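> give me the fold of what follows.
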Amino acid sequence: MKRIPAICLVLFLIPGYALAQGSDTWDWKIAPYLWTVGIDGQLSIGEINQDLDVSFSDILSDFDVGGSLYGEIGRGQHAFHIDYTYLRLKPDDTALPTPPFPMDSTLSTKMTINIFEPAYHLRLNEAQTIDFVVGARYLDIELRMTPNVTGPSLPVTPPVEPPFPGSPVEVGPSWWDYFLGIKTNHQISENWDFGFYGTIGAGGSEQPWTLQAVFGRRFSNDNRLGLGFRIWSIDYTDVEGIQNQVTTIDTRFYGFLIGYEFN
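Below you'll find the predicted structure:
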């Protein structure tokens, strides 16, 4: 954990030093956007498996609130970006095992997710069409799990204790991942651009990766309307997690992006 402050400090200092060395003009962009997130994965707490499923057909009922903001500043070959996402979701309920729980008992989960990503760009050509990216990503996932138990626990031999009490449980795993990536942007017509962003990394989760593709409609003032798709994959394990049970979060977040970029 002691490496985290040092790595973050390096991420902030490298672009500041590099930008100071250049003589080109500054460029910047700010893009508020919405990510219509679907989820495909699983949360495991000991022997209990909670499906984390939010499909496109359920997005209006399962998506409570969310928003994202991307900002980038650069000069010459060097740039730095910050990307922040906030989401509040309610995946479908999952059936609890019988025994020890009574039949038709379920587990409800509400998720609050904060994702913070600082990263440095090395622009590999003057046209700024391809960047090498190195950065970090902080994920904070707050879970409120509510067992919906329909009656008294069933007797089993030997006795089995549920991994959590009958009342709601609130927990909040959080961790840092570190990544390398490539970001490209190409003009495909007079008014349209296409951008790709992909990363792979390591850290608190095992080999996290992201893929993102965005079409941008460029206007006369150089601002752009972006339409695209993003997938984020994480595989996180905590051996002393929820209620001191082995806890894993193995899931993919995916969905369409829509945003407006100011330049």
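
> show me what contacts the residue nearest to Phe262 when sequence neighbours are not counted?
Closest residue to Phe262 apart from its sequence neighbours, by Cβ to Cβ, 6 or more residues apart in numbering: Ile30 at 5.0 Å. Where you see a C-beta, it was placed from the backbone N, CA and C, and this is true even at glycine. When contacts are counted by Cβ atoms under 8 Å, 6 or more residues apart in numbering, Ile30 touches 69-72, 261-262.

> tell me how many other residues crowd Asp24.
Neighbourhood size, Asp24 [other Cβ atoms under 10 Å]: 12.

> looking at this, it is in a strand?
No. Counting by DSSP: H, G, I helix; E, B strand; the rest coil, Asp24 falls outside a strand, being coil.

> I'd say it and Gly76 touch.
Yes. The pair Asp24 / Gly76 is scored as a contact, 4.1 Å apart, by Cβ atoms under 8 Å.

> so Phe116 is in which element?
Using DSSP states H and E, Phe116 sits within strand 106-123.

> please save the CA atoms from that strand in CSV.
Extracted in CSV, the C-alpha atoms of strand 106-123 (Å, rounded to 0.1, in the frame of the first residue of the first chain):
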residue,chain,number,x,y,z
THR,A,106,-33.6,-13.7,-1.9
LEU,A,107,-30.7,-11.3,-1.6
SER,A,108,-31.1,-7.7,-2.8
THR,A,109,-28.1,-5.6,-3.6
LYS,A,110,-27.6,-1.9,-4.2
MET,A,111,-24.3,-0.7,-5.6
THR,A,112,-22.7,2.7,-5.4
ILE,A,113,-19.6,2.9,-7.6
ASN,A,114,-16.9,5.7,-7.8
ILE,A,115,-14.2,5.4,-10.4
PHE,A,116,-11.3,7.9,-10.5
GLU,A,117,-8.6,7.7,-13.2
PRO,A,118,-5.5,9.9,-13.5
ALA,A,119,-3.2,9.2,-16.4
TYR,A,120,-0.3,10.6,-18.4
HIS,A,121,-0.2,10.6,-22.2
LEU,A,122,2.9,10.5,-24.4
ARG,A,123,1.7,11.7,-27.8
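
> buried ones in that strand?
Within strand 106-123, the residues scored as buried using 16 or more other Cβ atoms under 10 Å are 106-113, 115, 117-121, 123.

> which single one of these is nearest to Asn49?
Leu107 (9.4 Å; Cβ to Cβ).

> now do that closest one, the pLDDT please.
Per-residue pLDDT puts Leu107 at 67.

> with Phe132 instead?
96.

> how close does it sit to Asn114?
Distance, Phe132 to Asn114, using Cβ to Cβ, to the nearest Å: 27 Å.

> before we move on, the earlier item: what are the pairing partners of the strand holding Phe116, and which direction each?
When pairing is defined by DSSP bridges, strand 106-123 lines up against strand 78-89 (antiparallel), strand 94-95 (antiparallel), strand 130-148 (antiparallel).
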